[in-house]
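**Q** here is a sequence with its predicted model. Questions after.
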Amino acid sequence: MENITKKDEQIILQKQDILSAPLQRRSFLRYAGAGAAGIALLAAGCKKDGMMIDDSAGVNLGSGDVGILNYAYALEQLEAAFYIKVASSFYSGITEAERSLLSDIRDHEIAHREFFKNALGSNAISGLEVDFSMINFSSRDSVLGTAKAFEDLGVSAYNGAGVLIKDANYLTLAGKIVSVEARHAALIRDLISNGSFANSEVIDANGLDKSRLPMEVLGIAAPFIKTKINANDLPKS
């Protein structure tokens, strides 16, 4: 499982608070480079044999609000692991601006992951094992294409889970986190193609972000998570 040292995590978490950590040195338009034509959205709609969603086995997310928090925790584990890997050896030709931006996003995702872990306490699922074998971390196109897929998926996941959360305090926190994830998504999209931060792929005709329910999200994320996940007890409505 991709991970970061406890010492590094402590340094990052001491520097930043989950709900107020700034994405420093960012500009959604300033640093966009040439568009990356033909980027494959590695996670979008991706399917393979041995889906991680299992009717009877695997890590059980739980039910009610605890289940939804574990669902979010699972996704934050995936994103944190991805950006930790990205920042451990940046792709060839990366600019200093991109290096700073991706490092900031990594720090945010680690903070999100640790927030859910601490909030869930003894109800938290275990650490998930990830599979990034399909990603070429030395390629800008591969890294940013995957980041785009993960960030868009994360925003749609929080949007879809909001209606399932019963506790108003949890809903408020989820709203604060998804707003950060949306900033990440917009930035990554503009790094790939200037002006694409809010195009029709993610915004509908009413000007609203698209949403996905947990089973759809977990199905899309499945190729990147080795650990089987049992989401059968999550609320449906």
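**A** All right, it came through fine. What you see is a predicted model, and the numbers here were worked out from it, not measured in a lab.

**Q** model confidence score at Ala57, please.
**A** Note for Ala57: predicted pLDDT of 77.

**Q** figure out the helix or strand that it lives in.
**A** Using DSSP states H and E, Ala57 maps to neither a helix nor a strand.

**Q** count the neighbours of it for me.
**A** Using other C-beta atoms under 10 Å, Ala57 is surrounded by 9 other residues. For every residue, glycine as well, the C-beta is placed using N, CA and C.

**Q** who's in contact with it?
**A** The contact partners of Ala57, taken as C-beta atoms under 8 Å, 6 or more residues apart in numbering, are Lys228, Asn230.

**Q** could you check how far it is from Asn206?
**A** Here Ala57 is placed at a distance of 40 Å from Asn206 (C-beta to C-beta, to the nearest Å).

**Q** cool, and Asn232?
**A** Distance, Asn232 to Asn206, by C-beta to C-beta: 32 Å.

**Q** so which residue is dead centre in the protein?
**A** Nearest residue to the geometric centre of the chain (C-alpha atoms, centre = their mean): Glu79, 4.0 Å.

**Q** my read: that one touches Leu153, true?
**A** No - when contacts are counted by C-beta atoms under 8 Å, Glu79 is not listed as touching Leu153 (9.2 Å).

**Q** what ranges in this structure fall below the confidence cut-off?
**A** Scanning the chain for pLDDT under 70 picks out 1-56.

**Q** which parts of it are helices?
**A** 6-15, 64-88, 96-120, 140-161, 168-192, 214-221 (DSSP state H).

**Q** looking at these, which is closest to Val130?
**A** For the helices of the chain, proximity to Val130 was assessed by C-beta to C-beta; helix 64-88 is nearest, at 4.8 Å.

**Q** by contact count, what packs against that closest one?
**A** Packing contacts for helix 64-88, counted by 3 or more C-beta pairs under 8 Å, 6 or more residues apart in numbering; DSSP states H and E, involve helix 96-120, helix 140-161, helix 168-192, helix 214-221.

**Q** can you rerun that using 10 Å?
**A** Applying 3 or more C-beta pairs under 10 Å, 6 or more residues apart in numbering; DSSP states H and E, one finds that helix 64-88 makes contact with helix 6-15, strand 59-60, helix 96-120, helix 140-161, helix 168-192, helix 214-221, strand 229-230.

**Q** buried ones in it?
**A** 65-87 (16 or more other C-beta atoms under 10 Å).

**Q** hang on, the earlier thing: shared neighbours of Glu79 and Leu153, anything?
**A** Glu181, Ala221 (C-beta atoms under 10 Å, 6 or more residues apart in numbering).

**Q** so how far is Glu96 from Gly160?
**A** Look at Gly160 and Glu96: by C-beta to C-beta, they are 36 Å apart.

**Q** who's more crowded, the two?
**A** Gly160 (17 against 9).

**Q** for stretch 180-194, list the C-alpha coordinates in CSV.
**A** Extracted in CSV, the C-alpha atoms of stretch 180-194 (Å, rounded to 0.1, in the frame of the first residue of the first chain):
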residue,chain,number,x,y,z
VAL,A,180,-12.1,22.0,-1.3
GLU,A,181,-12.4,19.0,-3.6
ALA,A,182,-14.1,21.1,-6.2
ARG,A,183,-11.3,23.6,-6.0
HIS,A,184,-8.9,20.8,-6.7
ALA,A,185,-10.9,19.5,-9.6
ALA,A,186,-11.1,22.9,-11.2
LEU,A,187,-7.4,23.5,-10.8
ILE,A,188,-6.4,20.1,-12.3
ARG,A,189,-8.8,20.6,-15.2
ASP,A,190,-7.2,24.0,-16.0
LEU,A,191,-3.7,22.5,-15.8
ILE,A,192,-4.8,20.1,-18.5
SER,A,193,-6.8,22.5,-20.7
ASN,A,194,-7.2,26.2,-19.9
